[in-house]
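Novice: Give me the fold of what follows.
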Amino acid sequence: MAKFVYRMQNILDIKYKLESQAKTIYAQAINNLRNEKLKLQKIYDDINIYENEIRNNSQKTVNIEELRWFSNAIQIKKMEEIEQKKAIEKATKEVELARIKLNEVMIDRKTHEKLKEQAFEDFKHEVSDAENKEIDEIVSYNFNKAE
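Specialist: As a prediction, the model looks like this:
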């Protein structure tokens, strides 16, 4: 029996590799976004700690220098919060771009897989037609030989 060989198998293999790379890039982008969100949460936690320290220190004897330090620290953290939100927005855009690229690569790979399946179906029909032709020739030969 004949063996099926897909002429564009090397292209399909490349599509698999491109999809694998796109998945890796997408996973890295998601991980980067997660890390940026964790940094923002750390900033929020620091702001809460400093605000609690101000509340605690205001109930005791008042140390003006400490209150100013905590107040300045809160202001710095709020500026860091703004910058971190920008970083999160950028990371979100990168995730979306990576997702779009992955989707395109997957569609391209699936298209080539469909072409391979179609080529295999054509191959099966050719083999079936060749077998039928051979059977017809054998039957015709046997019929003519019997007469």
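
Novice: just the helices in this protein please.
Specialist: Counting by DSSP state H, the chain has helices at residues 9-59, 64-146.

Novice: nearest to residue 3, of the ones you listed?
Specialist: Of all the helices of the chain, the one in closest proximity to residue 3, counting by CB to CB, is helix 64-146 (9.4 Å). The way it works is simple: take the backbone N, C-alpha and C, and place the C-beta from them, glycine included.

Novice: what packs against the closest one?
Specialist: Helices and strands touching helix 64-146, by 3 or more CB pairs under 8 Å, 6 or more residues apart in numbering; DSSP states H and E, are helix 9-59.

Novice: would you turn the helices of the chain into JSON lines with mean pLDDT and mean neighbour count?
Specialist: Below are the helices of the chain laid out as JSON lines (pLDDT from 0 to 100; neighbours: other CB atoms under 10 Å):
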{"stretch": "helix 9-59", "mean pLDDT": "93", "mean neighbour count": "14"}
{"stretch": "helix 64-146", "mean pLDDT": "92", "mean neighbour count": "13"}
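
Novice: And residue 1, what's its pLDDT?
Specialist: Residue 1 carries a pLDDT value of 63.

Novice: What of the one 3 residues further on?
Specialist: With respect to pLDDT, residue 4 has a value of 88.

Novice: OK, contacts around it?
Specialist: 119, 120, 123 (CB atoms under 8 Å, 6 or more residues apart in numbering).

Novice: what's the closest of those residues to residue 92?
Specialist: In terms of CB to CB, no member of the contacts of residue 4 lies closer to residue 92 than residue 119, at 41.0 Å.

Novice: Could you find the closest non-adjacent residue to that closest one?
Specialist: Once flanking residues are discounted, residue 119 sits nearest to residue 6: 5.8 Å by CB to CB, 6 or more residues apart in numbering.

Novice: Quick one: residues contacting residue 70.
Specialist: Residue 70 sits next to 50, 51, 53, 54, 57 when contact means CB under 8 Å, 6+ apart.

Novice: give me every residue that touches residue 80.
Specialist: Residue 80 touches residue 43, counting by CB under 8 Å, 6+ apart.

Novice: And it, how far from residue 137?
Specialist: The gap separating residue 80 from residue 137 is 84 Å, by CB to CB, to the nearest Å.

Novice: coming back round to it: can I get the contacts of residue 70 in JSON lines with distance to residue 21?
Specialist: Converted to JSON lines, the contacts of residue 70 look like this (distance: CB to CB, whole Å):
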{"residue": "50", "distance to residue 21": "44"}
{"residue": "51", "distance to residue 21": "45"}
{"residue": "53", "distance to residue 21": "48"}
{"residue": "54", "distance to residue 21": "50"}
{"residue": "57", "distance to residue 21": "54"}
